[in-house]
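S.K.: need a structure here:
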Amino acid sequence: MKKITILTLSLILTIQLFGQDSQNVFKSFTEFTEMEPSQKFDFQFKQRTSGNIFMSGGIKNYRIEKVKPSTSLDYLTKEAWGVFEKDSIFINSYPYSKLIGYNKISGIGYYSYFIGEPAKLKEEQLKLGIINEGESQKGVCCKTSFVILPNGMVKWLTPSYLKELISDNAELVDELESQKLTPDNVYDMFTILDKYNKTKEK
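M.R.: Below is the predicted model of the structure:
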């Protein structure tokens, strides 16, 4: 994970534009950490309609359409880790939530993070940390924040889990506790994660 923490976003994009310009699909988390997509597919990357965005609580995720060859659609929908599109990186939501779509990664670093739809199935909610073993499925609404751990696991980001992630930085823990955040304070949690990521670059 060290490589990704020392690269600025502009450098990442430079690598893509001049070194890996023919590749646009990350088949694994490892390729993402190394910023080396290894696959190339032709497709249309389409944002959900306004009606769908409204019904999903404002989640502006994307779908892949008109893939060439067409036989690759299932792979891109359910197996690929992510794609590089229009100077941004998008993570495939199906592997961690069983929901079809791609979400834009908002921040890249020791902990990368993004906003996405919450998983609805119990097994996926358990894996993401939305519920604990023995608990029933939970209804999670609207802008749900997720964090990508250094080992590639995706977890639901809440103030309590954020405190665990940054527990070795007392100053940021104090800042977090002083804000009394809730899971709805997505961007405030992202701000703290971004500050923590910067400490890992030193």
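
S.K.: middle-most residue in this protein, spatially?
M.R.: Centroid-nearest residue in the chain: Phe114, 4.2 Å away (criterion: Cα atoms, centre = their mean).

S.K.: so how far is the helix or strand where it lies from its chain's centroid?
M.R.: In this structure, Phe114 sits in strand 112-116 according to DSSP states H and E. Strand 112-116 sits 4 Å away from the centroid of its parent chain (Cα atoms, centre = their mean, to the nearest Å).

S.K.: run through the neighbouring helices and strands of that strand.
M.R.: For strand 112-116, the elements it packs on are strand 102-107, strand 144-148, helix 186-200, judged by 3 or more Cβ pairs under 8 Å, 6 or more residues apart in numbering; DSSP states H and E. Placement of C-beta: from N, CA and C, glycine included.

S.K.: highest average neighbour count across the ones you listed?
M.R.: strand 144-148 (a mean of 24; mean count of other Cβ atoms under 10 Å).

S.K.: quick check: what element follows that one along the chain?
M.R.: Following strand 144-148 toward the C-terminus (DSSP H and E): strand 154-156.

S.K.: list the buried residues for the helix or strand just after that next one?
M.R.: Of the helices and strands lying after strand 154-156 in sequence (DSSP H and E), the nearest is helix 159-165. Neighbour-count burial for helix 159-165 flags 159, 162, 165 (criterion: 16 or more other Cβ atoms under 10 Å).

S.K.: now the second one: closest residue in space that isn't a chain neighbour?
M.R.: Residue nearest to Leu162 in three dimensions, not counting chain neighbours: Met189, with 5.3 Å by Cβ to Cβ, 6 or more residues apart in numbering.

S.K.: one more: the first one?
M.R.: With Cβ to Cβ, 6+ apart as the criterion, Pro159 has its nearest non-adjacent residue at 4.4 Å, and that residue is Leu181.

S.K.: same thing with Phe190?
M.R.: In space, Phe190 is closest to Tyr113, 5.6 Å off (Cβ to Cβ, 6+ apart).

S.K.: just to check, the one you found is in contact with Leu193?
M.R.: Yes. Using Cβ atoms under 8 Å, Tyr113 is in contact with Leu193, at 5.6 Å.

S.K.: find residues that contact each of these two.
M.R.: Common neighbours of Tyr113 and Leu193, using Cβ atoms under 8 Å, 6 or more residues apart in numbering, are 107, 147, 157.

S.K.: need these in JSON lines (columns: distance to Glu65).
M.R.: Conversion of the shared contacts of Tyr113 and Leu193 to JSON lines gives the following (distance: Cβ to Cβ, whole Å):
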{"residue": "Gly107", "distance to Glu65": "27"}
{"residue": "Val147", "distance to Glu65": "29"}
{"residue": "Leu157", "distance to Glu65": "29"}
